[in-house]
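> Okay, predicted coordinates and the sequence, questions at the end:
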Amino acid sequence: MSVETEEKPKTIFLVEDNKADIRLIQEALKNSVVPHEVVTVRDGVDAMAFLRQEGEYANAPRPDLILLDLNLPRKDGREVLAEIKADPMLKRIPVVVLTTSRNEDDIFYSYDLHVNCYITKSRNLSQLFQIVKGIEDFWLSIVTLPSQ
């Protein structure tokens, strides 16, 4: 006897202020074989409100994966990462920093804050699609994510 369960779509939380990058990342995820939804906010304050289900985000789903830009308005991505990893309710959500910064200090600081992965965005469209596909394959298909 086999029991088939319908897999719940994964929630990818994209924290990115650049509209063009949002569109490209969403486009790259369109052909995903893993059922998912992409939820986007464009600054660090909204990111933390979403994650803590505050205000307009009171019914926000818990993300399965966070794609975080470092250079954000209102609250920097580094501050967002520090708050996520210091919060017992949020710290197990995998965070992938996806940024244009190649600054060694940003890389060291992000890993000091227990980022799960640091990826420098490519300005080459084909490479960016390949990067996003790699993130999807690894984080949504290969790894086992915590349920809560």
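Ah, there it is.

> where along this protein do the helices fall?
Here the chain has its helices, by DSSP state H, at 19-29, 44-51, 77-86, 104-112, 125-136.

> which sections of this structure are below the confidence cut-off?
1-6, 148 (pLDDT under 70).

> Please report how far residue 142 lies from residue 12.
Look at residue 142 and residue 12: by Cβ to Cβ, to the nearest Å, they are 15 Å apart. C-betas here are computed from N, CA, C, even on glycine.

> Have a look at those two and say which one is more surrounded.
residue 12 (26 against 8; other Cβ atoms under 10 Å).

> What's the separation between the more buried one and residue 107?
For residue 12 relative to residue 107 (Cβ to Cβ), the value is 22 Å.

> quick revisit: and the helices of the chain, which is most packed in?
Each of the helices of the chain was given a mean neighbour count from mean count of other Cβ atoms under 10 Å, and the largest, a mean of 22, is that of helix 44-51.

> contact partners of that helix?
13, 15, 39, 41, 54-57, 60, 63, 68, 72-77, 79-80, 83-84, 87, 90, 93 (Cβ atoms under 8 Å, 6 or more residues apart in numbering).
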